[in-house]
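# Just to be clear, the model below is a prediction. Sequence and coordinates:
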Amino acid sequence: MELESSAFSELSCRAFTERLAAKQPVPGGGGAAAMAGALAAALGSMAGHYTEGKKKYAVYETELMEMLAQLEEIRTRLLDAIEADAAAFAPLSRAYGIPKDDPGRDAALQQATEAAALPPLTMMREAGRIVPLLVKMASFGNRMMVSDIGCGLVLAEAAVRCAAFNVLINTAAMRDREKAAKMEREADTLLRDCVPAAREAADRIREEIRA
């Protein structure tokens, strides 16, 4: 199946969701996960920009600038991951189309499924980096932005959890079970490290707002 060539991350929100809703394989869950992570990073950056330069938060200025640089880097990497995830589909589709009696099928499938698991694993790593940055932002950032930080935490958690599905659907089909298990262990570790921390911080923010 030939896919229309397009940089999905450069589409408008309306066009991206239209492509996501269409009967076509990409963008799919991986692209949606990466976009959620990019939105989380963007919300963190917005909160940071509303904090920088204010006398009240001057003591944190140097640390804040470093955090903003990291968030921008993460956002860019997640947008790039949308494209990498989509690009990995065509070789995977071709590999599954190889006749089962072809002696090269197993090797082609191993290579394609491993390659397809890498972009969502990258998404998990990058989205996972957002969580401690937003937790820290919540501790000293502009209090007017606390709800946006909470939203960012929820989106970062969602990005990690969604990307995990896309790692596992590919590792489940990998012929090299040792390599698959290694990827799955990393995914499990990222879930354990990210999800409780994001959820706890978001719950704390929600209670702070209600109080």
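The structure has been received and is ready for your questions.
# And the contacts of stretch 54-73?
Outside stretch 54-73, the residues within contact range by C-beta atoms under 8 Å, 6 or more residues apart in numbering are 41-42, 44-45, 48-49, 51-53, 129-130, 133, 136-137, 140-142. In this view, the C-beta of every residue, glycine as well, is placed from N, C-alpha and C.
# which of the residues in the worst-scoring helix or strand of the chain on mean pLDDT are buried?
Lowest mean confidence among the helices and strands of the chain (mean pLDDT, DSSP states H and E): helix 89-96, at a mean of 91. Residues F89, L92, A95 are the ones in helix 89-96 that count as buried (16 or more other C-beta atoms under 10 Å).
# out of those residues, who's nearest E207?
F89 (42.0 Å; C-beta to C-beta).
# Apart from its chain neighbours, what residue comes closest to that closest one?
V26 (5.0 Å; C-beta to C-beta, 6 or more residues apart in numbering).
# helix/strand/coil for that neighbour?
On the three-state scheme (DSSP: H, G, I helix; E, B strand; the rest coil), V26 is labelled coil.
# Show the buried residues in the contacts of stretch 54-73.
The buried subset of these (16+ other C-beta under 10 Å) comprises 41-42, 44-45, 48, 51-52, 129-130, 133, 136-137, 141-142.
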